[in-house]
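Student: here you go, sequence then predicted model.
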Amino acid sequence: MPNIKQPEASHYINGQYVEDNAGTELVTRYPATGEVVASLYAATNSIVDHALTAADAARASWAAMTGSERGRILRKAADIIRERNRELSVLETLDTGKPLQETLVADAASGADCLEYFGAIAAGLTGEHIQLGKDFAYTIREPLGVCVGIGAWNYPIQIACWKAAPALACGNTLVFKPSEMTPLSALKLAEILTEAGLPDGVFNVIQGYGETGGALVDDSRVAKVSLTGSVPTGRKVYAAAAKGMKHVTMELGGKSPLLIFDDASLDDAVSAAINANFYSSGQICSNGTRVFVQKGILPEFLARVKERTQKAIIGDPLDEATNFGPMISQAQFDITLSYIQKGIDEGATLVLGGKAHHKGGLYVEPTIFSDVTDDMSIAREEIFGPVMSFLPFDTEEEALRRANDTEFGLAAGVFTSDLTRAHRVVAAFEAGTCWINTYNLTPIEMPFGGTKASGVGRENAKAAIEHYSELKSVYVGMGPVEAAF
Ligand SMILES: NC(=O)c1ccc[n+]([C@@H]2O[C@H](COP(=O)([O-])OP(=O)(O)OC[C@H]3O[C@@H](n4cnc5c(N)ncnc54)[C@H](O)[C@@H]3O)[C@@H](O)[C@H]2O)c1
Ligand SMILES: C[N+](C)(C)CCCC=O
């Protein structure tokens, strides 16, 4: 393993590292071996207050800068991230256990794309002029103020950038709390933003568990909270934010359907089903874990997915040949194996995998179930592990009804060569992000987010601007002013 990446201190506030070792210890381990990568401390009340005070103090001068000036700094940070991509990718692999083959292209790189995108549009964030006869109105696009970002552990630097870039472009300041399991890359992002010229206090990182996230959400100085996490956490954070009438973005979990019709390009659909279930060892919110396959092609489709999944290279995530890594934590490993057991107990047919991998560590084999029915736990609940469920269907109407029969609404996909059907199906999907003849592509230019229990608001694209700014309306009377008496 390369050298251990112990940061200078646990938190980054006002442009510098800060420590308070009175906080609860927070240890991060390499999931492939259990080795300690870094040892940090959760924020104490004084660290939470310090970060919010810094963000509050930096607010006015950052908001007073022009969009061009703010954008230039974000774009410079994107360039630095790209230059340091390998180092950041290794760090992300050490923190998450995701294969370096993935982190080199999907994590810091996506963060750089996001900073570049919002850096580019920062100068064009304006209100509008509304002519009203001889009177007129105009709107002023204003930042919300101090924002709080709370991250999940599966895409740590991507999540930090997806929140920081639009927030900062709009003139807000941010306090970001990464997941307690992956504290490291957000600190690097903070260093990079400082190097790019970001004024002190505009972006701050503090570590901690749910309690720290809760303290941030409850603080009266905070105007907006953006959470990436599970639905149960989302319900708590949304409720707490509502008490202070705060803006929210909720990027939560899913149990997304992927519909494969019998006229689909089978090779493409097989690739998509594999990506939609086994990339990042299945630890992706938008994964298409309910694979509905039209009955006529099910045997061949299943055989092809099985054959290709057997070729997964399971190994040390730092080896660039590895394309399937361990679970992030003992808890996620245990949850995944317990769902596999439930699948077996509830009558699904285990086609492949189903066990901890013999190499040890926190590896769970890529697992495929067929004969899955809509009522089974593995078809209803988010597992967040490498477990693919096949569900046969006959008609489009039936597949859609079953696909939408879930509390979640994050994502959905369809494979068919009939484009009329493809558009009809996505129009009927109850999901915020849909794909036709591909899956899980999330470019920065496209809004991303969920409906139903999967979330509120959108990240990325111009849509995110609406969630990090608000409009002030100004009516201008050109006279005369009349009154009834
Ligand atoms: N929709 C998306 O964009 C997206 C992306 C990635 C992950 N996710 C979801 O995230 C989940 C996996 O991540 P996780 O296990 O880290 O989720 P989690 O809900 O356990 O934790 C998410 C974050 O919330 C914090 N937190 C926990 N309780 C809190 C509270 N009461 N107040 C404030 N903060 C609190 C945690 O410390 C962590 O930083 C999955 O459900 C996955 O689908 C969603
Ligand atoms: C870019 N991905 C890989 C689709 C991840 C989106 C965020 C969900 O976990």
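Tutor: It's in. Numbers count the residues shown, from 1 in each chain. Ligands and ions are numbered 1, 2, ... in the order given.

Student: with adjacent residues omitted, what lies nearest to L298?
Tutor: P392 (5.2 Å; Cβ to Cβ, 6 or more residues apart in numbering). (Glycine included, C-beta is placed from N, CA and C.)

Student: convert the helix or strand encompassing the one you found to PDB, retaining C-alpha atoms only.
Tutor: If you go by DSSP states H and E, P392 is part of strand 387-393. This file holds the C-alpha atoms of strand 387-393, laid out as PDB (Å, rounded to 0.1, in the frame of the first residue of the first chain):
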ATOM      1  CA  VAL A 387     -26.800  -7.800  -5.900                       C
ATOM      2  CA  MET A 388     -28.700  -8.000  -9.200                       C
ATOM      3  CA  SER A 389     -32.300  -9.200  -9.300                       C
ATOM      4  CA  PHE A 390     -34.000 -10.500 -12.500                       C
ATOM      5  CA  LEU A 391     -37.700 -10.100 -12.800                       C
ATOM      6  CA  PRO A 392     -39.500 -11.400 -15.900                       C
ATOM      7  CA  PHE A 393     -42.300  -9.500 -17.600                       C
END
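
Student: give the rounded mean pLDDT of it.
Tutor: Across strand 387-393, pLDDT averages out at 98.

Student: list the buried ones in that strand?
Tutor: Neighbour counts using 16 or more other Cβ atoms under 10 Å place 387-393 of strand 387-393 among the buried residues.

Student: over to stretch 427-447?
Tutor: Result for stretch 427-447 [16+ other Cβ under 10 Å]: buried residues 428-435, 437, 439-440, 442, 444, 447.

Student: from those residues, which ones fall inside helices?
Tutor: Secondary structure defined by DSSP state H assigns A428 of these to helices.

Student: got the contact list for R304?
Tutor: Contacts for R304 (Cβ atoms under 8 Å, 6 or more residues apart in numbering) come out as 266-267, 270.

Student: for those residues, which one is nearest G234?
Tutor: Closest approach between the contacts of R304 and G234, by Cβ to Cβ: V270, at 32.8 Å.

Student: the strand or helix carrying the closest one and ligand 2 in contact?
Tutor: Using DSSP H and E, V270 sits within helix 266-278. No. If you take Cβ under 6 Å from any ligand atom as the test, helix 266-278 misses ligand 2, and the best it gets is 9.0 Å.

Student: after that helix, next one along is what?
Tutor: Following helix 266-278 in sequence, per DSSP H and E, is strand 290-294.

Student: what's the host helix or strand of P232 packed up against?
Tutor: For P232, the host element (DSSP H and E) is helix 231-243. Counting contacts by 3 or more Cβ pairs under 8 Å, 6 or more residues apart in numbering; DSSP states H and E, helix 231-243 packs against helix 210-218, strand 222-228, strand 247-251.

Student: quick one: the longest one to helix 231-243, angle?
Tutor: This means helix 210-218. 30 degrees (axes from the mean of the first three to the mean of the last three Cα atoms, to 10 degrees).

Student: alpha carbons only: can I get helix 210-218 in PDB?
Tutor: What follows is helix 210-218, C-alpha atoms only, in PDB (Å, rounded to 0.1, in the frame of the first residue of the first chain):
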ATOM      1  CA  GLY A 210     -24.600  12.200  12.200                       C
ATOM      2  CA  GLU A 211     -24.600  14.300  15.400                       C
ATOM      3  CA  THR A 212     -22.200  16.800  13.800                       C
ATOM      4  CA  GLY A 213     -24.400  17.000  10.700                       C
ATOM      5  CA  GLY A 214     -27.400  17.500  13.000                       C
ATOM      6  CA  ALA A 215     -25.700  20.400  14.800                       C
ATOM      7  CA  LEU A 216     -25.000  22.100  11.400                       C
ATOM      8  CA  VAL A 217     -28.600  21.700  10.200                       C
ATOM      9  CA  ASP A 218     -30.000  23.100  13.500                       C
END
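
Student: how about the residues of the stretch 101-250 of the chain near ligand 2?
Tutor: 106, 154-155.

Student: and the residue nearest to L298, how far is that from ligand 1?
Tutor: Remark: distance between P392 and ligand 1 (Cβ to the nearest ligand atom, to the nearest Å) = 26 Å.

Student: OK, contacts around that residue?
Tutor: Contact analysis of P392 by Cβ under 8 Å, 6+ apart lists 292-295, 298.

Student: rerun that using 10 Å as the cut-off
Tutor: 292-299, 302, 370-373, 399 (Cβ atoms under 10 Å, 6 or more residues apart in numbering).

Student: give me the neighbour count for the residue of the stretch 151-300 of the chain found nearest ligand 1.
Tutor: Ranked by Cβ to the nearest ligand atom, the top residue of the stretch 151-300 of the chain for proximity to ligand 1 is G213, at 2.3 Å. Using other Cβ atoms under 10 Å, G213 is surrounded by 27 other residues.

Student: okay, the residue lying closest to it once chain neighbours are set aside and ligand 2: tell me how far apart.
Tutor: In this structure, G213 finds its nearest non-sequential neighbour in I150, 4.6 Å apart by Cβ to Cβ, 6+ apart. Counting by Cβ to the nearest ligand atom, the gap between I150 and ligand 2 amounts to 14 Å.

Student: in the sheet, who's paired with I150?
Tutor: K177, L227 (DSSP bridges).

Student: can you pull the contacts of it?
Tutor: So I150 contacts 159, 163, 175-179, 208, 210, 212-214, 216-217, 225-229, 233, 237, 251 (Cβ under 10 Å, 6+ apart).

Student: out of those, which end up buried?
Tutor: With neighbours counted by 16+ other Cβ under 10 Å, the contacts of I150 contain buried members at 159, 163, 175-179, 208, 212-214, 216-217, 225-229, 233, 237, 251.

Student: hey, what's the residue nearest to L298 bridged with?
Tutor: V293.

Student: filter the contacts of P392 down to the ones in strands?
Tutor: 292-294, 370 (DSSP state E).

Student: and the two most separated of those?
Tutor: Among those, Q294 and S370 lie farthest apart (Cβ to Cβ), at 14.1 Å.

Student: so what's M376 closest to, chain neighbours aside?
Tutor: Nearest to M376 is E346, by Cβ to Cβ, 6+ apart, at 4.6 Å.

Student: burial count for that neighbour?
Tutor: Neighbour tally, E346, other Cβ under 10 Å: 15.

Student: likewise the one 10 residues further on?
Tutor: Counted with other Cβ under 10 Å, the neighbours of A356 add up to 17.

Student: same check, this time on F292
Tutor: Neighbour number of F292 under other Cβ under 10 Å is 24.

Student: contact partners for it?
Tutor: Neighbouring residues of F292 by Cβ under 10 Å, 6+ apart: 257-261, 298, 372, 374, 389-393, 398-400, 402-403, 414.

Student: picking up where we left off before, and the angle from the strand holding P392 to strand 290-294?
Tutor: Going by the same axes, to 10 degrees, strand 387-393 makes 30 degrees with strand 290-294.

Student: tell me what angle strand 387-393 forms with helix 266-278.
Tutor: 130 degrees.

Student: please state the offset of strand 387-393 from the chain centre?
Tutor: Relative to its chain's centre, strand 387-393 lies at 25 Å (Cα atoms, centre = their mean, to the nearest Å).

Student: ok, the nearest residue to V387 once chain neighbours are set aside to K163 distance?
Tutor: Leaving aside its chain neighbours, V387 sits nearest to T367 (4.8 Å; criterion: Cβ to Cβ, 6+ apart). Going from T367 to K163 by Cβ to Cβ, to the nearest Å gives 32 Å.

Student: thanks again, I'm all set now.
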